[in-house]
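K.L.:
Attaching a predicted model along with its sequence, questions to come.
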Amino acid sequence: MGEKSRSKGCCGWFLILVVLAVVVAAIVITVKKRSDHHSGSGEPEPVPGPPGAIDEKYADALKIAMKFFDVQKSGKLVNNEISWRGDSGLKDGSEAKLDLSMGMYDAGDHMKFGFPMAFTATVLSWAILEYGDQMDAVKQLEPAQDSLKWITDYLINAHPSENVLYIQHMLIESQETCGLIWVSEWNSLQHPVASAFLAALYSDYMLTSQTSSISCDGETYKPSDLRKFAKSQADYVLGKNPMKMSFLVGYGDKYPQYVHHRGASIPADENPGCTDGFKWLDSTDPNPNIAEGALVGGPFLNETYIDSRNNSMQGEPSTYNSAVIVGLLSSLATLILNKCQNPVHKNSIPEFQSLLQQAEEEFGFDHDMGLTIPCE
């Protein structure tokens with residue numbers, strides 16, 4: 001560790017900031033235009049309210065997904081809840097007299113890449129800003145903020161002065177010792193999960209801007225249509241698929257056992273050298289450690305999954321995949337209340353009706369939090 005990339009490093013960061021600024025500006029302008037267009041239309045106005053009753057399915061999945069950030073942490077671990085993980089990278093940056101021990105390994109091969117880490121932080125920040133109340137309702141806001149800070153502290157330290165950025169590309173070993181839409185074959189879940197997160201997010205923007213529908217290729221879609229799509233992708237990931245397997249490690253009764261992840265595949269009591277990892281890579285035994293919360297790459301187009309440690313195309317998880325699944329699950333973790341006192345939710349259960357009405361009476365609709373939708 002310790003390579004320095006000058007001048008071009010800062011240009012890269014500047015480009016990221018410019019792109020993010022353009023995206024945010026576009027969203028604000030779009031929402032404002034739609035709000036202006038639909039004002040005075042006579043349609044019921046959405047009334048802000050608190051998050052509704054907890055949807056245990058997505059809340060449980062969110063809690064598990066959040067754990068993968070702990071699995072990927074580098075540095076001196078604080079309040080470590082991953083039994084097989086230990087401190088790592090404690091001397092990173094020491095040659096430059098910097099503390100670069102923190103941050104997160106990007107995927108299963110334990111590299112700390114700046115851009116993937118920045119993307120993870122960006123999406124995680126976005127999820128917290130949009131669905132912080134929902135995260136808080138299921139006690140996941142603090143873990144999300146902690147994981148975000150673990151990344152940002154590293155990025156700040158890795159950029160100590162103008163035109164100076166420290167990067168890593170080294171070591172291959174266990175870290176302690178040193179219904180699905182389909183776009184691409186490699187890491188196939190990244191696109192549907194990211195698309196589902198954005199669909200849920202935009203459906204909420206439509207609600208708050210009083211936009212009743214949008215048109216695309218001659219078809220009209222309501223907020224509930226976008227949310228239904230988001231749920232379909234989340235359900236596929238969590239096991240509603242031809243394989244009847246969850247792609248979120250640790251969730252459900254059946255999930256990948258041979259995840260392409262060095263820390264998970266090497267026994268915790270081993271102390272391998274830099275080139276000893278292939279012994280466990282080629283092992284036919286399931287991983288001795290569970291990389292709980294890891295979202296693997298996903299199925300092939302024919303909806304098959306080869307559970308093999310050598311199959312990194314399908315079986316390697318990453319923090320940037322985790323960031324979008326956390327955002328998606330956060331958007332679905334609680335029901336949405338509306339002014340008609342009906343939960344708008346595909347899997348609404350009659351027994352929840354009285355509970356939701358009590359929640360409305362207790363909290364009212366004067367709280368600047370949560371989202372509601374017009375009565376349908």
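P.N.:
Sure, I can see it.
K.L.:
What ranges does the stretch 51-200 of the chain have for its strands?
P.N.:
Taking DSSP state E, counting those that start in this stretch as the criterion, the stretch 51-200 of the chain carries its strands at 164-167.
K.L.:
Flag the shaky bits of it, pLDDT-wise.
P.N.:
109, 168-179, 181-183 (pLDDT under 70).
K.L.:
try the stretch 251-376 of the chain
P.N.:
275-276, 336-376.
K.L.:
go again using 50 as the cut-off
P.N.:
339-353, 355-356, 359, 363-376 (pLDDT under 50).
K.L.:
ok, so what distance separates P256 from S246?
P.N.:
9 Å (C-beta to C-beta, to the nearest Å). All C-beta atoms are positioned from the backbone trio N, CA, C, and that covers glycine.
K.L.:
quick one: which of those two has more around it?
P.N.:
P256 (27 against 23; other C-beta atoms under 10 Å).
K.L.:
For the residue nearest to Q190 when sequence neighbours are not counted, what is the enclosing helix or strand?
P.N.:
Spatial nearest neighbour of Q190, excluding adjacent residues (C-beta to C-beta, 6 or more residues apart in numbering): N321 at 5.7 Å. Per DSSP states H and E, N321 falls inside helix 319-332.
K.L.:
Tell me how far that helix lies from the chain's centre.
P.N.:
Relative to its chain's centre, helix 319-332 lies at 2 Å (C-alpha atoms, centre = their mean, to the nearest Å).
K.L.:
what number of residues lie near the residue nearest to S74 when sequence neighbours are not counted?
P.N.:
Residue nearest to S74 in three dimensions, not counting chain neighbours: G89, with 4.2 Å by C-beta to C-beta, 6+ apart. With neighbours defined by other C-beta under 10 Å, the count for G89 comes to 24.
K.L.:
pretty sure G89 is in contact with M104, am I right?
P.N.:
No: look at G89 against M104 with C-beta atoms under 8 Å: they stay out of range, at 10.5 Å.
K.L.:
what touches both of the two?
P.N.:
S74, K112 (C-beta atoms under 8 Å, 6 or more residues apart in numbering).
K.L.:
Which parts of this structure are helices?
P.N.:
8-38, 56-71, 114-137, 141-157, 190-208, 223-237, 262-265, 278-281, 312-315, 319-332, 352-363 (DSSP state H).
K.L.:
G93: which of those helices is closest?
P.N.:
helix 141-157 (7.0 Å; C-beta to C-beta).
K.L.:
Send me that closest one as CSV with only the CA atoms.
P.N.:
The C-alpha trace of helix 141-157 is given here as CSV (Å, rounded to 0.1, in the frame of the first residue of the first chain):
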residue,chain,number,x,y,z
LEU,A,141,-30.2,3.8,10.9
GLU,A,142,-27.3,3.8,13.4
PRO,A,143,-25.6,0.8,11.7
ALA,A,144,-26.0,2.5,8.3
GLN,A,145,-24.5,5.7,9.6
ASP,A,146,-21.7,3.8,11.2
SER,A,147,-20.8,2.0,8.0
LEU,A,148,-21.0,5.3,6.0
LYS,A,149,-18.6,7.0,8.4
TRP,A,150,-16.2,4.0,8.2
ILE,A,151,-15.9,4.7,4.5
THR,A,152,-15.8,8.5,4.6
ASP,A,153,-13.1,8.6,7.3
TYR,A,154,-10.9,6.5,5.1
LEU,A,155,-11.6,8.6,2.0
ILE,A,156,-10.8,11.8,3.9
ASN,A,157,-7.5,10.3,5.1
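K.L.:
buried stuff in that helix?
P.N.:
L141, P143, A144, S147, L148, W150, I151, T152, Y154, L155, N157 (16 or more other C-beta atoms under 10 Å).
K.L.:
Name the surrounding residues that touch it.
P.N.:
Outside helix 141-157, the residues touching it (C-beta under 8 Å, 6+ apart) are 66, 69-70, 73-75, 93, 98-100, 102-104, 112, 114, 117-118, 120-121, 124-125, 127-128, 132, 135, 326.
K.L.:
for it, the distance to its chain's centre please.
P.N.:
Using C-alpha atoms, centre = their mean, the offset of helix 141-157 from its chain centre is 14 Å.
K.L.:
ditto for stretch 214-228
P.N.:
24 Å.
K.L.:
Likewise for stretch 304-321?
P.N.:
That offset, for stretch 304-321, works out to 17 Å (C-alpha atoms, centre = their mean).
K.L.:
then that stretch to CSV, C-alphas only?
P.N.:
C-alpha atoms of stretch 304-321 as CSV (Å, rounded to 0.1, in the frame of the first residue of the first chain):
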residue,chain,number,x,y,z
THR,A,304,-29.7,-21.1,-13.1
TYR,A,305,-27.0,-20.6,-10.5
ILE,A,306,-23.8,-22.6,-10.1
ASP,A,307,-22.8,-22.5,-6.4
SER,A,308,-19.1,-22.8,-6.7
ARG,A,309,-16.3,-20.8,-5.1
ASN,A,310,-14.5,-20.6,-8.4
ASN,A,311,-17.6,-19.0,-10.0
SER,A,312,-16.8,-15.4,-9.3
MET,A,313,-19.1,-14.3,-12.1
GLN,A,314,-22.2,-15.4,-10.1
GLY,A,315,-20.9,-15.9,-6.6
GLU,A,316,-18.9,-12.8,-5.7
PRO,A,317,-20.5,-10.2,-3.5
SER,A,318,-19.6,-6.5,-3.2
THR,A,319,-20.2,-3.4,-1.1
TYR,A,320,-21.7,-1.5,-4.0
ASN,A,321,-24.3,-4.2,-4.6
